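In: Generate a structure from the sequence data that follows.
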Amino acid sequence: MSKVLVTGAGGFIGSHLTEELVRQGEDVRALIRYNSRDQWGFIEDLPQEVRSQIELIAGDLKDPDGVRKMVKGCHKIFHLGALIAIPYSYVHPFDFIQTNVVGTAHLLNACLDNEALERIVHTSTSEVYGTAQYIPIDEKHPLQAQSPYAASKIAADKLAESYYLSFGLPIATIRPFNTFGPRQSLRAIIPTIISQAIDGKRIRLGNTKPRRDFLFVRDTVQGFFQVGRCKEAVGRVINIGAGKDISIEELVKKILDQMGKKVEIEVEDRRIRPAKSEVMQLLSDTRLAKELFGWAPRYTFEDGLRETIEWFQKNFSRFKVGSYPL
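Out: The predicted structure follows:
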């Protein structure tokens with residue numbers, strides 16, 4: 001049995017990935033960011049039979065000594081630890097540099113001394129592409145830092161690439177487009193719409209014209225697994241997306257139709273990105289993933305949306321609906 005480390009395990013995608021790794025019989029070490037309240041993020045949502053099999057480590061990627069200790073003896077690493085909220089990156093951009101860039105550097109440096117290491121799967125984001133210069137967006141599309149968040153992820157991606165080229169670290173980079181599903185925070189657009197629709201008063205949004213490529217979280221997790229198993233993925237960047245895009249305006253209608261709701265839509269200025277920072281269209285080209293390891297989405301957008309709506313309806317009381325979380 002191999003030892004697998006998941007950084008960012010308490011987050012949305014990280015918790016789904018950690019759960020599936022345990023169910024597949026892996027020996028999982030999960031990094032969550034330390035807090036004095038002893039809260040584990042969405043790891044706490046996992047069934048007890050899953051949680052009991054996780055070696056949980058509270059720490060911080062910004063601590064190089066702590067990172068070195070958690071990496072030691074791990075055969076495979078799924079690196080999802082990052083700050084990801086774009087609005088927060090406008091307020092505290094340096095925090096993103098410390099976590100996403102310096103934190104990634106600490107992880108990569110620690111891996112240089114880990115003789116057990118077989119594979120690192122580094123997590124990128126479609127935001128690094130910026131507004132599409134051509135569609136669908138393949139892995140050769142130019143990178144554009146239209147937000148401090150995107151800039152920090154481009155830097156982290158390039159660090160991963162440099163450690164593969166310079167030191168031979170077995171790194172593959174997965175670049176998911178807009179993942180959605182149960183356990184996602186209200187800073188993401190689909191939970192924002194669903195939660196406000198459940199509340200039933202009005203839906204406050206920013207710009208409704210941008211188009212996004214939404215992928216259900218279970219398909220994203222399968223992408224992580226397949227990238228992690230594919231030898232040909234090492235040294236490469238691989239898109240994971242649905243290959244279909246939809247505007248936020250169209251998305252609201254789809255969600256409200258599925259929920260059977262009629263709710264007033266209100267554009268709120270504080271939710272609008274700076275004009276030059278708004279990414280207007282993301283649409284994935286996933287031919288490389290199909291070519292390398294036969295990956296393709298298994299869930300329709302409608303099925304994923306149905307499961308997501310049901311989860312938020314059951315967990316509605318946990319969220320501060322109507323607030324604007326950065």
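
In: my guess is residue 270 contacts residue 324, does it?
Out: Yes - using CB atoms under 8 Å, residue 270 makes contact with residue 324 at a distance of 6.3 Å. Glycine gets a C-beta too; all of them are placed from N, C-alpha and C.

In: In terms of packing, which of the two has more residues around it?
Out: Using other CB atoms under 10 Å as the criterion, residue 270 and residue 324 rank with residue 324 on top: 14 against 8.

In: what's the distance between the more buried one and residue 271?
Out: 6 Å (CB to CB, to the nearest Å).

In: where in this protein is pLDDT low?
Out: Along the chain, the parts satisfying pLDDT under 70 run over 1.

In: Find the helix or strand that the residue of it most remote from its centre is a member of.
Out: Distance from the C-alpha centroid of the chain, by CA atoms, centre = their mean, peaks at residue 262 (30.3 Å). Residue 262 belongs to no helix or strand when assigned by DSSP states H and E.

In: Got the phi and psi for it?
Out: phi -130, psi 110 (degrees, to the nearest 10).

In: Give the intersection of the neighbour lists for residue 324 and residue 271.
Out: Common contacts of residue 324 and residue 271 (CB atoms under 8 Å, 6 or more residues apart in numbering): 87, 204.

In: and whichever helix in the chain runs longest, which residues are buried?
Out: Identified as the longest helix of the chain according to DSSP state H is helix 148-167. By 16 or more other CB atoms under 10 Å, the buried positions in helix 148-167 come out as 148-157, 159-161, 163-164.

In: quick one: contacts of that helix?
Out: 82-86, 89-90, 93, 96-97, 99-101, 104-105, 108, 111-112, 120, 122, 124-125, 127-128, 130, 143-145, 169-171, 173, 234-235, 237.

In: Same check on stretch 305-316?
Out: Under the criterion CB under 8 Å, 6+ apart, residues 180-184, 190-191, 194-195, 198, 216, 254-255, 258-259, 319 lie in contact with stretch 305-316.

In: List the buried residues in that stretch.
Out: By neighbour count on 16+ other CB under 10 Å, the buried set for stretch 305-316 is 305, 308, 309, 311, 312.

In: How far does that stretch sit from its chain's centre?
Out: Between the centre of stretch 305-316 and the centre of its chain there are 19 Å (CA atoms, centre = their mean, to the nearest Å).

In: where along this structure do the strands fall?
Out: Assigned by DSSP state E, the chain shows strands spanning 3-7, 27-33, 54-59, 76-79, 119-123, 171-176, 178-180, 202-205, 211-212, 214-216, 237-240, 246-247, 264-267.
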